[in-house]
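Q: build me a structure from this.
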Amino acid sequence: MKKYVQVAFFLILVVNVASAQDVHYSQFYYSPFTMNPALTGSMDGQYRIGGIYKNQWGSVTSPYVYSTPSISGDVKLFAGGYSYNYLGLGVLLLNDKSGDGGLSNLTAMLSASYHQALDKEGNYHIAVGLQGGVVQKKIDFGKLDFYDEFDGLGFNGVTSEHFDYYQIGYADFAAGASFDGIINNSARIQFGGAAFHVTTPTESFFASSDNVLNMRYVAHANATFGFNNKYYIFPFLQYQLQNNDNEFVLGSNFGINLNNNPRGLPSVFYVGIFSRAGVDIIPTIGIMMKGVQAGISYDVTTSSDLSPATNGKGGFELGIVYTGNNKPARHYKRVYCPAF
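A: Residues are numbered from 1 along each chain as shown. Below you'll find the predicted structure:
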């Protein structure tokens, strides 16, 4: 029965690629470029290098899996001047692979942002960002079985299905805006919104198809609340809308500072719990120390529609970010902020 589930899934995916959602991460705060290009350069340090890897649905299509690794890097330019305005430049590489047919999505994006200070101390900024690049998708149809191949005993490899392309490519663009502010010595906030696939590029393996990749809209917010330089709360939320599908992820990490030196950067161990509404719950665990932030999460499926196939199993995810020169500028109020 599981084989038929795979066949049905890939038929739908191939015939109407544009109806599928974009890749999405549970620890989305480790992947700022897939959330909002305005977050490029939005960090306490001068540069940032990160990566995130997701592996999911192994219980549905074993031994094939759905994996989504990505790496990114960005720099902050012209920061620390009298006006405290600055630019951000970054790059994202992403390679998503899906199941039996080896459907792959190789994405390369460049991002640029401008951050305008709203006060003379540089504690509050608004930012706008643009992102552009290329996407290449391909699939190995020889690995797929179609309904007309089934002869009662098995799949005989003879099908009437025809595809014009086994590989497609197109240019893609995104835009966004954000606000971030250091409220006091123990609190800061950030929120924003973005639109991806703003040119709605054509995406299909058929020459005669006019399927387009619809725009994906993202709204996000996060905050940091510190207590006596010892305990921290890091709430996050993200809402995404694409086609008729939507996703709402809400939760928080809770950290304890293991560094007793009040003048040094905190060394925080955290645990957390998130929920993708109506789909799964997501426990997390991680560390933040000396410019390194690393976290692990696991999606536990709670949806009644998916549970029979997944047995509650979802996706494992690992994220890591290194931020260089991670020292708050002298004019900043001293409050710790993860990732952004």
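
Q: please make it C-alpha for all contacts and neighbour counts, starting now.
A: Fine.

Q: what about the strands in the protein?
A: 47-56, 66-77, 86-98, 103-117, 124-138, 167-184, 187-196, 216-227, 231-242, 245-257, 268-276, 280-289, 292-301, 313-324 (DSSP state E).

Q: adding mean pLDDT, mean neighbour count and distance to Leu39, write those out as TSV.
A: Shown next, in TSV, are the strands of the chain (pLDDT from 0 to 100; neighbours: other C-alpha atoms under 10 Å; distance: least, C-alpha to C-alpha, whole Å):
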stretch	mean pLDDT	mean neighbour count	distance to Leu39
strand 47-56	91	21	12
strand 66-77	91	21	10
strand 86-98	92	21	8
strand 103-117	94	21	7
strand 124-138	95	20	7
strand 167-184	93	19	7
strand 187-196	96	22	9
strand 216-227	95	20	11
strand 231-242	95	20	14
strand 245-257	94	19	19
strand 268-276	95	20	22
strand 280-289	94	20	19
strand 292-301	93	21	17
strand 313-324	89	21	14
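
Q: among these, which is nearest Ala207?
A: Comparison of the strands of the chain against Ala207 by C-alpha to C-alpha identifies strand 167-184 as nearest, at 10.4 Å.

Q: before we move on, back to that, can you add distance to Asp22 and give the strands of the chain back as JSON lines?
A: Shown next, in JSON lines, are the strands of the chain (distance: least, C-alpha to C-alpha, whole Å):
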{"stretch": "strand 47-56", "distance to Asp22": "14"}
{"stretch": "strand 66-77", "distance to Asp22": "11"}
{"stretch": "strand 86-98", "distance to Asp22": "10"}
{"stretch": "strand 103-117", "distance to Asp22": "10"}
{"stretch": "strand 124-138", "distance to Asp22": "12"}
{"stretch": "strand 167-184", "distance to Asp22": "13"}
{"stretch": "strand 187-196", "distance to Asp22": "10"}
{"stretch": "strand 216-227", "distance to Asp22": "8"}
{"stretch": "strand 231-242", "distance to Asp22": "8"}
{"stretch": "strand 245-257", "distance to Asp22": "11"}
{"stretch": "strand 268-276", "distance to Asp22": "15"}
{"stretch": "strand 280-289", "distance to Asp22": "18"}
{"stretch": "strand 292-301", "distance to Asp22": "17"}
{"stretch": "strand 313-324", "distance to Asp22": "16"}
